[in-house]
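Peer 1: Here's my sequence, what's the structure:
(2 chains)
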Amino acid sequence: MGRQLLLEHINVPGIDTFSVYRSKGGYASVEKALKTMTPDAVTEEVKKSGLRGRGGAGFPAGMKWSFLDRKSTKPRYLVCNADESEPGTFKDRFLMEKIPHILIEGMITSSFALGANTSYIYVRGEYMYIIRILEKAIQEAYANGFLGKNILGTDYSLDLYVQPGGGAYICGEETALLESLEGKRGNPRLKPPFPAVAGLYASPTVVNNVETIAAVCSIVNMGGDEYAKIGIGKSTGTKLISASGHINKPGVYEIELGLPVEEFIYSEQYCGGIWKGRKMKAVVAGGSSVPILPADLILKTAKGEGRLMTYESLADGGFATGTMLGSGGFIVYDETACIVRNLWTFTRFYHHESCGQCSPCREGTGWMEKVLHRIETGHGHMSDIDLLVDVAKKIEGNTICPLGDAAAWPVASAIRHFRAEFEYHINNPEKVRNPKHFELETVLA
Amino acid sequence: MHNMEFSPEALALAKKIITRYPEGKEKSALLPLLHLAQSEFDGWLSTDAMDYVASLLSLKSVEVYEVATFYSMFNLKPVGKCLVEVCRTGPCWLRGADDIVEHLEKKLGISEGETTSDGMFTLKTVECLGSCGTAPMLQCGAEFYENLTNEKVDELLEKLKNSGKRSTYMKDQRVMS
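Peer 2: Reported below is the predicted structural model:
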């Protein structure tokens, strides 16, 4: 097991309470930042750390912070994006449930760096029990002088609130999240202006993912340079990976970026290999939005190099033969999984979650769902395959927010790598009418 | 007609929630208050309930309707005492979510989207709930029930039926307090 920065104390009984968390060195970054550093010095450490946004886009967090309009006379806000909804992703939920104080600590240290005196944690509504856990942690932090007026006797004050969402994947997009936090429909905004200039209540705002904010604690404690030594190249630090699907040990794992993909899948420390002694067929490495890769391409790049768990290595080969680290939602498919049915569930998801603002996404996701349902249930035509590719192309790049791309990429990649499986469905309508077609065939073989 | 007013405790909580936002930005309290209304008014939002929330925040009714209709957690029709929501997106499907839905339909004698005749259960399928590593799963109120098998589902239905309580996302008033 590599370095554990976020989950080091995960198995300590009572780590969800303030006293135990504090006894394990918790809130040290708040003390260090507020008592010995300037806000800009904290931002500088985050820049030096090379930390990249852990929500999925991988944008350098320090750079995002530096864009904040510091000349504005309006109040500034830090908003934590805890609207985790990307299929295959459940790491933020795990972290908030088990170690809620690491998020509260990161929020205080980060809010100080940004000069925010009011901050919000926007949690997807379905995680209502997590909201209860966070609110208890926040109350403990207030009671111990880490929130409220004059924190630790300094002149820095911060109020922190939890906001529930109402059930909408799109609110994970930062401008939709801000709209939702303002009490509106979660329709993404046209950019510019970016939130750093006009975000929450048209004030300068930074929106960061749960894991990004939690990582700030370690960065401030150890220093940005030390943090940057972990990992490889521009993929620094540790990353939480949500592992699901046909593996022996689904769960959340903290890895040092740079771990070989093969080791992550087959090592007993992590996924523990493919379940039921079966073979691996495919992997979606970074949440449902990223391109699916067949087993050989997830283990090795097209050039034959062993693939690593880094932003760069997973992207090697572009979309032709590569994928993305994304949110770290790592879904593994065994040889019995039907790629068409999987894709149908994904497009149904995007159709359900499209906000409806841009017609290519609103209409296109619906058409892709319908056509895939037709193919999967044995009513497809050979021309449907190219029709899907065409619809996906017409969505990609033609919408206000990335949901359109997120819906198009899985379709394009599944057809790119598994076209024969789509053709099989169209040529064998009777067989695929049994919803468990591939599973049965393998069992019978 | 319901008497569309919050209990004194819920009203106090609503007023407290409204103070979390800067002056003039009280509309931000809309989602929390809709959740509160849903838990106060039998698990769904009637037009009267939404109008009441509008009055609390000095909003036009349409500002509440347009928001309530956007988000999937707000029920715009009555639901059974226990709203059983089964995730069936990719990762849950891989681990047998379809079998769980089929079992529930058989057990409850209803199809997805329907409510049992005794008004006890409504069965709904939903998209990813962030429980992919513990699939298959279902949500009932604020609780997640994970790593499901048919046997576990049977036990759960029995337990819910015996308790006879309405499941809500806000199990008690401490949430969001």
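Peer 1: Every contact and neighbour count from this point should use C-alpha atoms.
Peer 2: Noted.
Peer 1: dump the residue contacts of the residue lying closest to A:Glu335 once chain neighbours are set aside.
Peer 2: Nearest residue to A:Glu335 in three dimensions, chain neighbours excluded: A:Lys281, at 4.8 Å (C-alpha to C-alpha, 6 or more residues apart in numbering or on different chains). Neighbouring residues of A:Lys281 by C-alpha atoms under 8 Å, 6 or more residues apart in numbering or on different chains: A:294-295, A:332-335, A:337.
Peer 1: for A:Lys191, same thing?
Peer 2: Per C-alpha under 8 Å, 6+ apart, neighbours of A:Lys191: none.
Peer 1: for it, phi and psi?
Peer 2: Phi and psi for A:Lys191, reported as degrees, to the nearest 10, are phi -120, psi 150.
Peer 1: picking up where we left off before, make JSON lines from the contacts of A:Lys281 and add secondary structure to it.
Peer 2: Listed next are those as JSON lines, based on DSSP: H, G, I helix; E, B strand; the rest coil:
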{"residue": "A:Pro294", "secondary structure": "strand"}
{"residue": "A:Ala295", "secondary structure": "helix"}
{"residue": "A:Val332", "secondary structure": "strand"}
{"residue": "A:Tyr333", "secondary structure": "strand"}
{"residue": "A:Asp334", "secondary structure": "strand"}
{"residue": "A:Glu335", "secondary structure": "coil"}
{"residue": "A:Ala337", "secondary structure": "coil"}
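Peer 1: is it fair to say B:Ala14 lies in a helix?
Peer 2: Yes - counting by three-state DSSP, B:Ala14 is part of a helix.
Peer 1: Next up, the contacts around it.
Peer 2: B:Ala14 is in contact with B:33, B:36, counting by C-alpha under 8 Å, 6+ apart.
Peer 1: so A:Tyr142 touches A:Asn150, yeah?
Peer 2: No - checked against C-alpha atoms under 8 Å, the pair A:Tyr142 and A:Asn150 is beyond contact range at 11.0 Å.
Peer 1: what's the spacing between the closest residue to A:Ala198 other than its chain neighbours and A:Gly329?
Peer 2: Of all residues not flanking A:Ala198 in the chain, A:Pro204 sits nearest, at 5.1 Å (C-alpha to C-alpha, 6+ apart). Using C-alpha to C-alpha, to the nearest Å, A:Pro204 is found at 30 Å from A:Gly329.
Peer 1: Name the residue in these two with the higher neighbour count.
Peer 2: Each of A:Pro204 and A:Gly329 has its neighbours counted (other C-alpha atoms under 10 Å in any protein chain shown); A:Gly329 has more, 29 against 26.
Peer 1: Hmm, the more buried one is touching A:Val283, no?
Peer 2: No - assessed by C-alpha under 8 Å, A:Gly329 is found out of contact with A:Val283, at 10.1 Å.
Peer 1: What helix or strand is A:Val162 located in?
Peer 2: For A:Val162, the host element (DSSP states H and E) is strand A:159-164.
Peer 1: In its sheet, which strands sit next to that strand, and in what direction?
Peer 2: Using DSSP bridges, strand A:159-164 pairs in its sheet with strand A:116-123 (parallel).
Peer 1: what does the strand it pairs with contact?
Peer 2: A:75-84, A:107, A:111, A:131, A:156-165, A:177, A:181.
Peer 1: Now list the buried members of the residues you listed.
Peer 2: Buried by 16 or more other C-alpha atoms under 10 Å in any protein chain shown: A:75-84, A:107, A:111, A:131, A:156-165, A:177, A:181, out of these.
Peer 1: List the contacts of B:Met50.
Peer 2: Here B:Met50 is in contact with B:34, B:61, B:64-65 (criterion: C-alpha under 8 Å, 6+ apart).
Peer 1: Tell me the residue of chain B that sits nearest chain A?
Peer 2: The minimum distance from chain B to chain A, using C-alpha to the nearest C-alpha, falls at B:Ser28 (4.2 Å).
Peer 1: which residues touch residue 170?
Peer 2: Picked chain A for this. A:176-177, A:186-188, A:353-355, A:403.
Peer 1: that answer is for a different chain, and I need it for chain B
Peer 2: B:Met170 touches A:128, B:35-36, B:39, B:141-142, counting by C-alpha under 8 Å, 6+ apart.
Peer 1: at 7 Å what do you get?
Peer 2: Contacts for B:Met170 (C-alpha atoms under 7 Å, 6 or more residues apart in numbering or on different chains) come out as A:128, B:39, B:142.
Peer 1: which residues are contacting the longest helix along chain A?
Peer 2: Criterion DSSP state H: the longest helix present in chain A is helix A:403-427. When contacts are defined by C-alpha under 7 Å, 6+ apart, helix A:403-427 is touched by residues A:289-292, A:294, A:340, A:343, A:347, A:350, A:361, A:365, A:375-376, A:378, A:380-382, A:389, A:392, A:395-397, A:432.
Peer 1: Those in helices, which ones?
Peer 2: A:340, A:343, A:347, A:350, A:361, A:365, A:375-376, A:389, A:392, A:395, A:432.
Peer 1: From the residues you listed, pick the one nearest A:Val261.
Peer 2: Within the ones in helices among the contacts of helix A:403-427, the smallest distance to A:Val261 is 22.9 Å, found for A:Leu343 (C-alpha to C-alpha).
Peer 1: Next, count neighbours for that closest one.
Peer 2: By other C-alpha under 10 Å, 24 other residues sit near A:Leu343.
Peer 1: now the one 3 residues further on
Peer 2: Here the count is done by other C-alpha under 10 Å, and A:Phe346 has 28 residues near it.
Peer 1: quick one: it and B:Pro91 touch, right?
Peer 2: No - A:Phe346 is not in contact with B:Pro91 according to C-alpha atoms under 7 Å; the separation is 9.7 Å.
Peer 1: so what sits against both of these two?
Peer 2: Between them, A:Phe346 and B:Pro91 share no contacting residue under C-alpha under 7 Å, 6+ apart.
Peer 1: contacting residues for residue 161?
Peer 2: Assuming you mean chain A. A:119-121 are the contacts of A:Tyr161 under C-alpha under 7 Å, 6+ apart.
Peer 1: What separation is there between it and A:Ala176?
Peer 2: Per C-alpha to C-alpha, A:Tyr161 is found 19 Å from A:Ala176.
Peer 1: same check, this time on A:Lys32
Peer 2: For A:Lys32 relative to A:Ala176 (C-alpha to C-alpha), the value is 34 Å.
Peer 1: And the two? Which one has more around it.
Peer 2: A:Ala176 (22 against 14).
Peer 1: so where does the more buried one fall, helix or strand?
Peer 2: If you go by DSSP H and E, A:Ala176 is part of helix A:174-181.
Peer 1: Quick one: work out the angle between the next helix or strand after that helix and helix A:174-181.
Peer 2: Sequence order places strand A:205-209 as the next helix or strand after helix A:174-181, per DSSP H and E. Here strand A:205-209 points in a direction 110 degrees away from that of helix A:174-181 (axes from the mean of the first three to the mean of the last three C-alpha atoms, to 10 degrees).
Peer 1: Rounded mean pLDDT for strand A:205-209, please.
Peer 2: Here strand A:205-209 scores 98 as its mean pLDDT.
Peer 1: Would you tell me whether it gets close to chain B?
Peer 2: No - judged by C-alpha under 7 Å from any C-alpha of the partner chain, strand A:205-209 stays clear of chain B, getting no closer than 14.6 Å.
Peer 1: Give the other helices and strands that that strand contacts.
Peer 2: Judged by 3 or more C-alpha pairs under 7 Å, 6 or more residues apart in numbering or on different chains; DSSP states H and E, strand A:205-209 is in contact with strand A:76-82.
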